[in-house]
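>>> The sequence and its predicted three-dimensional model are supplied below.
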Amino acid sequence: MSSASFNATQSVRFDLAQGAVRAGASDDRQLLVPLAALVDLANAAPPAAAEALGRALGAAIGARAAARIGDATGASLEGFVTQLAGEAALAGAGVLSVERWGRALVVVLEDSLLPGALITALVGGALDAASGRKVATALLSHEGRTARVLVSSDSAARRVRDWMASGVSWGDAIAKLHGGGS
């Protein structure tokens, strides 16, 4: 389905008799975890473990979105983002949208209390699972409750991260990327 609407009916099911929570069409059980505990875990974990956690959370979001979308290659960008944003909201990750900066695609996650490293991995895992393609991500900014994540190739993400580490602003790094900067 590539519709630009999101129907949350039966998206989360509570089975109190069995003590189970299920999301999406699968019978996979979910666990409601206090956000503070998740943030504490991500902050205390080694970077690779926090990334694995974020990718797993994102992959679950993306898989549920993929089930709604059907053929991701035939879906409009609006329909794809609507389903992904709906699943991200149901998971409590925040309000997901996309911005175009020339040819660059930037995923914006607003009203999220997740740490930046977790957001970056979550976005990558969600897009991988929803699209069926491997993407690279780079955290562009994380101010307050809003994060911006570049979605690109490995080499482009690496260049942007390197430029930003050397003091280039994320906007200038994207402009430099468009100009073929090295």
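The structure has been received and is ready for your questions. Residues are numbered from 1 along each chain as shown.
>>> got the contact list for stretch 160-179?
101-104, 106, 138, 140-141, 148, 150, 152, 156, 159, 181 (C-beta atoms under 8 Å, 6 or more residues apart in numbering). Just so you know, the C-beta spots here come from the backbone N, C-alpha and C atoms, and that holds for glycine as well.
>>> Just the buried residues out of the residues you listed, in PyMOL syntax.
A single PyMOL command selects the buried members of the contacts of stretch 160-179 (16 or more other C-beta atoms under 10 Å):
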select buried, resi 101+104+106+138+140+148+150+152+156+159
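>>> Buried residues in the helix or strand where residue 174 lies, which are they?
If you go by DSSP states H and E, residue 174 is part of helix 170-178. Buried residues in helix 170-178, counting neighbours by 16+ other C-beta under 10 Å, are found at 170, 173, 174, 176, 177.
>>> contacting residues for the spatially most central residue of the chain?
Geometric centre of the chain, nearest residue: residue 123, 2.1 Å, by C-alpha atoms, centre = their mean. With contact set as C-beta under 8 Å, 6+ apart, residue 123 has these partners: 58, 107, 109, 137, 149, 151.
>>> hmm, back to that, centre of the chain to the helix holding residue 174, how far?
Distance of helix 170-178 from its chain centroid, counting by C-alpha atoms, centre = their mean, to the nearest Å, is 21 Å.
>>> ditto for stretch 123-143
The mean C-alpha position of stretch 123-143 is separated from the chain mean by 5 Å, C-alpha atoms, centre = their mean.
>>> Check which residues of it are buried.
Buried-residue list, stretch 123-143, by 16+ other C-beta under 10 Å: 123-131, 135-140, 142.
>>> Which pair in those residues has the greatest spatial separation?
Using C-beta to C-beta, the pair of the buried residues of stretch 123-143 lying farthest apart is 131 and 142, separated by 23.5 Å.
>>> Next secondary structure after the longest helix along the chain?
If you go by DSSP state H, the chain has its longest helix at helix 47-69. Next along the chain after helix 47-69, taking DSSP H and E as the criterion, comes helix 77-91.
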